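Colleague: Below: sequence and its predicted model.
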4 protein chains.
Amino acid sequence: MSDNSFGKLFNFTSFGESHGPGIGCVVDGVPPNLTLSEADIQPYLDRRKPGQNRFVTQRKEDDIVEILSGVFEGKTTGTPIGLLIRNKDQRSKDYGDIATQFRPGHADYTYQAKYGIRDYRGGGRSSARETAVRVAAGAIADIFLKQALGADFRVKGGVVQIGPHKIDRGNLDWDECDNNPFFCPDATAAVAWETYLDDVRKAGSSAGAILEIVADGIPAGLGQPVYGKLDTEIAAAMMSINAVKGVEIGTGFDLASMDGSHAGDQMHMEDGSPAFDSNHAGGILGGISSGAQIVARVAIKPTSSILTPRKSVDKDGKDVEITTKGRHDPCVGIRGVPVAEAMMTLVLADMLMRHHAQCAILPR
Amino acid sequence: MSDNSFGKLFNFTSFGESHGPGIGCVVDGVPPNLTLSEADIQPYLDRRKPGQNRFVTQRKEDDIVEILSGVFEGKTTGTPIGLLIRNKDQRSKDYGDIATQFRPGHADYTYQAKYGIRDYRGGGRSSARETAVRVAAGAIADIFLKQALGADFRVKGGVVQIGPHKIDRGNLDWDECDNNPFFCPDATAAVAWETYLDDVRKAGSSAGAILEIVADGIPAGLGQPVYGKLDTEIAAAMMSINAVKGVEIGTGFDLASMDGSHAGDQMHMEDGSPAFDSNHAGGILGGISSGAQIVARVAIKPTSSILTPRKSVDKDGKDVEITTKGRHDPCVGIRGVPVAEAMMTLVLADMLMRHHAQCAILPR
Amino acid sequence: MSDNSFGKLFNFTSFGESHGPGIGCVVDGVPPNLTLSEADIQPYLDRRKPGQNRFVTQRKEDDIVEILSGVFEGKTTGTPIGLLIRNKDQRSKDYGDIATQFRPGHADYTYQAKYGIRDYRGGGRSSARETAVRVAAGAIADIFLKQALGADFRVKGGVVQIGPHKIDRGNLDWDECDNNPFFCPDATAAVAWETYLDDVRKAGSSAGAILEIVADGIPAGLGQPVYGKLDTEIAAAMMSINAVKGVEIGTGFDLASMDGSHAGDQMHMEDGSPAFDSNHAGGILGGISSGAQIVARVAIKPTSSILTPRKSVDKDGKDVEITTKGRHDPCVGIRGVPVAEAMMTLVLADMLMRHHAQCAILPR
Amino acid sequence: MSDNSFGKLFNFTSFGESHGPGIGCVVDGVPPNLTLSEADIQPYLDRRKPGQNRFVTQRKEDDIVEILSGVFEGKTTGTPIGLLIRNKDQRSKDYGDIATQFRPGHADYTYQAKYGIRDYRGGGRSSARETAVRVAAGAIADIFLKQALGADFRVKGGVVQIGPHKIDRGNLDWDECDNNPFFCPDATAAVAWETYLDDVRKAGSSAGAILEIVADGIPAGLGQPVYGKLDTEIAAAMMSINAVKGVEIGTGFDLASMDGSHAGDQMHMEDGSPAFDSNHAGGILGGISSGAQIVARVAIKPTSSILTPRKSVDKDGKDVEITTKGRHDPCVGIRGVPVAEAMMTLVLADMLMRHHAQCAILPR
C-alpha cells in the first residue's frame, strides 16, 4: 500500500529521483502470456523524451528501459514486472543556490518542510522525470487493453490550449497530433503556437496549457462506485501529474452555466444499441462508463523554472532573489501529453480488471 | 479494500441506497479519547438535510444518526465507529417508468449496463442520499482536526457561481455563507441568485454551480507524493461526489493562460516564517501543503431530474420520451457544500495521520 | 483500507462491541444477481450462536441479522451489503472489578495500553461476539462460491482435538460434525469428549482445541504469490480469530520431522488429470492451490475466563487477585468452527475473484 | 495494492525471478533522515547468502545490493527506496526436464495451472531467491526500529528443531546462533545436528526445521485489531516465506492441551510496571503486544529438491519419473532464519507506524 503506487489490480509502484542512479517501477497484476519486450515499450518512451525540438527541454536523455523481471521468452508470466531506466545525464555541477533556496512554484519548500531533507538535484523526487516510468507502465497497459478490447480501443491526447490560445474545435483531428511539436490536434493552431511559444521562450518566461485526453472503444460498465468511480480515478491519475492544477470530465466547468434541459445527454437507439445525442458527460454517468467517448481535460500551470529573477526565501529564513538557470521546457504541458495518455490508459486497464472480477465472474 | 471506502488511515466505508432500509458507514482509524456523541455529529447533518428552503428538494428526511460502536462513555475508543441513518421517507409508490427507462444525465443506464440489475428507487446507490454518511464521517474528522490543529483550523465551503452568475470576489466573506439559502459567501450575489433560481425552478429546469472549499490552519508538509499527493486526494474526494464534473486547485484552469512570471507564488519572510505573496497554487506545491490556505473549486452539473420531457431509451431497447416527476433540487450544487466540506476535512484528517506516521515518529 | 477490513476484492469491514448497540459489517465486491435474503444468512449464524448446549456459553443471543443495503427484490445488486445484528442481551450489571482490573489471558491490559481507554463490558471489541459478523459475511461468500464452483465445492470444519484428546483419524467423517455438540468428525471421540468437558467445566477450568478446516472442489490456480499467497491469506484469516495461537497447512508442523523423500507429494495422472499420491502440502504449493483438498488446522487456547482466582494487576498499578464470573464457554474452540469455516470461505471467494481478474480476462 | 507488496505504512514491493536479470524491491514509508548506505544493508544479506558452508546450497551469489533512490548524501529522504540485486550466477544450461515436468513439492505445477506459462529456470518467481530482497528491506526496518525503540530492541531468530531433533531449551542462548552453521541457539545440539545433516545429505534426502523468532524491547500497544492484529500480520509474514507450512505464537499448538488455569499468563507489578509470570501468549493478547517478548515459531518443510527419483507428471499429461539435480540446501530451513527475522522486523516497523499514527497523534 505504498503512497507511490497507483492502481488496485493493474497497478504499479514507482521510485526514483531526477539525478539519482535511476528511476523505475514495479508493474503488477499484468495478465500472463502477453507478448512484451523492451522494444514494445520504447516507442512510448520516445514520444515523451526531452530534447526532440526547441519547445521542450534540451536535456538529453535516452530513457532506455530495461525489463528486470516478469517476462520469460518474450511473454509476460503474471509475476511483477520490474522496469529500470538509468539516469544518464547526471553531469556533476554546482547546485549552489538551489541547495539552500526555495524556487517559487516548485516543491523545494514543501519537501523541506515535510521531510526536513530534500534531494535538491533537479527537483529530486518532485521532478517530472518520474513520469517516464508512468509512460513505461502505461505502455504495458496499452498492450493489454488492445488485446482485451480490440481494434476500437484507443487512448489519444493532445494540447487544446497553450497559454491563452485555444484550438478551433472545428479543426479537431486527433491524428494531427503526431505532425507537430505540440501534440496539437489542430494543424492551423499549431502553426500559430510556434510563434507564440518562441516569444515566450525568448522573453525568458513560460506558458501553461490545457490537455485533452480521449478514450474510444470503452464498453459501458467500467467504474466502481462510489469511491472507485471511473472519473474519481481519472481525476486522481491526472492530478498526480506534475504541474497539473485542474481536471474536468466532458463539458466540465462549463456545465455549471448550462441549462439543465441541455446538460443531460439524451439517448436514442442506434444500430440496435443505446446511443447519446451529445456527450456533455464525457462518457461517464454515476462514475461508470456509458459507452460514449471518455473525455478528460487537464490544466497545467506554466513551467515554474523561468529566467526572470524572483523573490523567495532560503533555508536559513532569509529573503533572497532567485533565478533558475539551465535547460527548461517553455511549456511543460506539451510533454505532459504522453504522460496523461499513460495515466488514462492505466486507469482503464485497472478498471477493466476490477469490473471483470466482480461482474463477469458469473454467467449472466 | 472496499471500493466504497475512502481514506488510508482515517478512513470510512459506506453503504446504503436511497430507498432501502438505511444508509451508514464504518469510520475507522479515529484516535481514541475524542469526545463524541450523536449530538456532536447531528449539526453537520442538519446543514445538509433536504427540505430546509424552497431551493432544495422538499423530501423530508430527519437524517438522525445512530452511533453503533466505537464510543464508550462519550469517548472514542479507537475501534471502528459504525454509523447508521435509517431511511424514513420511503413512501410506497409507483416507480413505473423509472424502473424500465433510463433518465438522461442519471446513472440508470450505466448501473444497468454494469450490474445487469439496479435498485431504481430514487436512484438507489447512485443517489446523493449516500452523501449524508460522508457528512457524518466528516464531522468526526472535523472534531479530530480541531483538537489536533487547534483554533486556526477551519474548513469552509460555499457556492461561488450558480448557473452563469458568479460572486463578486470583492465581497467574499466566508461567514456570510450561513446567512443565505445558497451557502453563498457574497451577500449581494445571494439576493440576485434568489430571483434567478426561482425562474429556473418555475421553468422546470435546473442550474449548475461552482463550489469553493478552503481550509485554513493547515501546516506545511501534508501530502504523500507522488500518488498520494494532497491535491490528488482532494481531486478524488471531490470527483466522487454526485454530479461533480471538474475539480481545480488554486487558480486552476486559469493558470493555463497565465504568464509563467506571475504563476509561481513568490515568497518572503513574515513574522519569522516563510509566506507567499500570492496563492495561485492553492496552498499545494508538489502535492504537499505549503502552509497557505488550501483552495479547491468544484464544478457541479445541473440537476439531471427536470420536468421537461426528454428523449431516452428503455431496457427493451426502445426509444421513449421520459419526464421525471417529483421533488427535486433546482440546483444540487447547493446541498453539495456540506458534502464537499466533509470530503475536504476527511482528506486532511487522513493526510495529517499519514504525515505523522512517517515524518513525526522520530525526533528531528 | 480499514484495519477492520478483510479481503481485497470480496471483502468486508466489521464494527461493533460485545455490549454496545450492535455489531455489523459492510460486505463489498459481491457479484450482482445472487439470490440473497436474511433467511439465507440466518442458518449460518444459528450454527454459531451461543446457548445451544451446555458446552457453550449460556448467554442468549438470537443473532438476528438485518440486511441494510445491497439487495433489491431478493437479488444482490453489486453495491455494498450492510449487515446489522443488534445486541439483545445487554443486561445492565455491575462490571466493577473488570472495569479496573486486567483479566489474565484477556486483551484487557493490551487495549488499555494501546488506546488509553477500553470498553470493558464483555471484552468490548476484543470479544468473540465480533465473529458473528464474519459468519454472516462468510454466508454470502459461500452462496457465491456455490454458484461459481458448483456442487463439488464445500468448506467444512470440525474439532479434531479438545484438550489432550485427539480424534481417531480412521473414524473421520465430516458429515458427523453436525451430530454432536462439538462439531467433532469422529462420533466415538465425541462421546468421550462429553465426559472430559463436563469434568473441565465442573473444575471451573477450560480446555483448548485444535480445529481442522477443509475445502473441496477448489480448482488449481488460486493464490497470488508472493504476498497474497493462498496459505498466507488463510494464515492471516485464522490468526485473526479470537484465541487462535497457531495455524498450519496440510501436515504442517509435523513436516519438520519428515524425511524429504516422503514430504513432497508425488503426482500421477488420474482420469486424464494430474493427481497427488498424498496431500502433505494441504492442497497448496508455492502459495497456489493444486486442486487437492485444502487443509488448514488451527490451535485455540483454553477459554481465558475461568472460575479459578488468579493473580493480576489493576489500572492503578496494584497487584490484585481476580476471578471472572458469569457464563463462559468451557472450550471456545467449539464455537470457533463456524467462524473458521467462514474465514476459509471468505479467503477462497476473494482468491477466486483475484485470480479471475488477472488470469481469466484474456482467452487462453 | 500489489499482491507483491507487504506492509501498510512501512511497506515494500518485490519483483524478480531466480534466473532473470535481477531481483529487487521498492521500500516505501521509510522515515526521512535515517543514515543509510549499501554498506549498512550488506551485512544482513551476507548472513543469508548461499555457499557459506556445506549445509546450504553451493550456488555462489554475491548478492550485492544497489540503492537506486530514496537516499541522498547518506540519509533517507522519505521517498521510496529502490533496491536492486543483479543475478550473477545465471549459467546457461539445459533445463530440459524441468521445463516440461512438474517437480513434487515444488510450485511448478501450480504456476503452470494458474498462469498457463512459467519461468521454470531455478523455480522462477517461486524460488527462495526472492527472499534476498526481504532481507534487504528488513535491514532498513531494523535500522529504523533501532533508532525508534532504542537499545532494548532486538529481533533474533534461530533453528530450534531440525528434522526430528529439538534443542534442549535449558541450553537456549540466542547469542550462540552466530557460532554454528545452523543458526542454532543451543551449542550442544548444533554439534549433533552436524552429523545428522551430513547423513541426510549423503542419503540424497532433505530435512525440515522449526524456527523460532523472538523480539525484545517491543512496547505494549502494537497491533491493529481485528484484521490487522500483530499476530495476524506475523502469521501472514511467516507463511509467505517459501516452504513454510505452519506458524504459531507463544506456546502455540501446545496450548490446545493445556489446562485453562495455566494457559493465561498471570500478572504482577515489577519495578513499577505490569509484568507477566509466564509467556504462553508469546507477547500478544487480543492481537496487541503486551510488552513481553514476542515469540513466533515457524515450520519449514524439507527441501523439495532431492536426489531420489520420484513419480510425477509432465505438461502433456504423461506419467514421468523425475530426479532433480544440482546444488540444493539439505535443509532450507537454515537459510530461512535471516528471512524470518527480516519479516518479523518488517511487521514490527509497520505496526509501530500504524500505532503511532492513530494513538500517538494527540497528547494523552
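Modeller: Thanks, I have it.
Colleague: Nearest residue to the residue of the stretch 201-350 of chain A found nearest chain C in space, please, no chain neighbours.
Modeller: Nearest residue of the stretch 201-350 of chain A to chain C (CB to the nearest CB) works out as A:Pro225 at 7.6 Å. All C-beta spots, glycine's among them, are computed from the backbone N, C-alpha and C. Nearest residue to A:Pro225, sequence neighbours excluded (CB to CB, 6 or more residues apart in numbering or on different chains): A:Gly287, at 4.3 Å.
Colleague: correct me, but that neighbour touches A:Tyr227?
Modeller: No: between A:Gly287 and A:Tyr227 there is no contact under CB atoms under 8 Å: 9.0 Å.
Colleague: joint contacts of the two?
Modeller: Applying CB atoms under 8 Å, 6 or more residues apart in numbering or on different chains, one finds that A:Gly287 and A:Tyr227 are jointly contacted by B:Ser240.
Colleague: neighbour-wise, which of these two wins?
Modeller: A:Gly287 (26 against 22; other CB atoms under 10 Å in any protein chain shown).
Colleague: wait, what's in contact with A:Phe102?
Modeller: Here A:Phe102 is in contact with A:108-109, A:112, A:312-315, A:322, B:267, B:274 (CB under 8 Å, 6+ apart).
Colleague: which ones are touching A:Arg48?
Modeller: A:63, A:131-132, A:135, A:335, A:338-339 are the contacts of A:Arg48 under CB under 8 Å, 6+ apart.
Colleague: Per-residue confidence, it, what does it come out as?
Modeller: pLDDT for A:Arg48: 84.
Colleague: in what helix or strand does the nearest residue to it once chain neighbours are set aside lie?
Modeller: Nearest residue to A:Arg48, sequence neighbours excluded (CB to CB, 6+ apart): A:Pro338, at 4.0 Å. If you go by DSSP states H and E, A:Pro338 is part of helix A:332-359.
Colleague: Can you say which of the contacts of A:Phe102 are buried?
Modeller: A:108-109, A:112, A:312-314, A:322, B:267, B:274 (16 or more other CB atoms under 10 Å in any protein chain shown).
Colleague: Counting only strands, which of those residues make the cut?
Modeller: Among the buried ones among the contacts of A:Phe102, the members falling in strands (DSSP state E) are A:312-313, A:322, B:267, B:274.
Colleague: Okay, the closest residue to A:Gln101 other than its chain neighbours and C:Pro338: tell me how far apart.
Modeller: Spatially, and ignoring its direct neighbours in sequence, A:Gln101 is nearest to A:Asp314 (4.6 Å; CB to CB, 6+ apart). From A:Asp314 over to C:Pro338 the distance is 65 Å, taken as CB to CB, to the nearest Å.
Colleague: can you check A:Ala349 too?
Modeller: On the measure of CB to CB, A:Ala349 and C:Pro338 end up 39 Å apart.
Colleague: So which of those two has more stuff around it?
Modeller: A:Ala349 (28 against 23).
Colleague: Can you check what pLDDT the model gives that one?
Modeller: 98.
Colleague: Strands of the stretch 151-300 of chain A, residue ranges please.
Modeller: Counting by DSSP state E, counting those that start in this stretch, the stretch 151-300 of chain A has strands at residues A:154-162, A:165-166, A:209-216, A:244-249, A:267-270, A:273-276, A:284-285, A:288-289, A:294-300.
Colleague: one step back: tally of neighbours for the residue of the stretch 201-350 of chain A closest to chain C?
Modeller: 25.
Colleague: isn't A:Val200 right up against A:Gly163?
Modeller: Yes: when contacts are counted by CB under 8 Å, A:Val200 is listed as touching A:Gly163 (6.9 Å).
Colleague: Common neighbours of the two, please.
Modeller: With CB under 8 Å, 6+ apart as the test, A:Val200 and A:Gly163 both reach A:207, A:331, B:259.
Colleague: any idea which of those is the one closest to D:Ala148?
Modeller: A:Cys331 (45.1 Å; CB to CB).
Colleague: List the buried residues in stretch A:39-53.
Modeller: Buried, per 16+ other CB under 10 Å, within stretch A:39-53: A:40-42, A:44-45, A:47-50.
Colleague: out of those residues, which are inside helices?
Modeller: Applying DSSP state H to these, the entries found in helices are A:40-42, A:44-45, A:47-48.
Colleague: of those residues, the lowest pLDDT goes to which?
Modeller: Among those, A:Arg48 has the lowest pLDDT, at 84.
Colleague: Return the member of the ones in strands among the buried ones among the contacts of A:Phe102 nearest to chain D.
Modeller: The closest of those, once distances to chain D are taken by CB to the nearest CB, is B:Pro274, at 19.2 Å.
Colleague: In contact with the closest one, which residues are there?
Modeller: Contacts of B:Pro274 (CB under 8 Å, 6+ apart): A:102, A:109, A:313, A:317, B:267-268, B:291.
Colleague: that older thread, next up, the contacts around the residue nearest to A:Arg48.
Modeller: A:44, A:47-48, A:135, A:157, A:183.
Colleague: and what of A:Ile241?
Modeller: Contacts for A:Ile241 (CB under 8 Å, 6+ apart) come out as A:131, A:134, A:298, A:300, A:336, A:339-340, A:343.
Colleague: so what's it scoring on pLDDT?
Modeller: 98.
Colleague: re the thing from before, now do the residue of the stretch 201-350 of chain A closest to chain C, the pLDDT please.
Modeller: 98.
Colleague: So the closest residue to A:Lys166 other than its chain neighbours versus chain C, what's the distance?
Modeller: Leaving aside its sequence neighbours, A:Lys166 sits nearest to A:Val160 (CB to CB, 6+ apart; 6.5 Å). Going from A:Val160 to chain C by CB to the nearest CB, to the nearest Å gives 33 Å.
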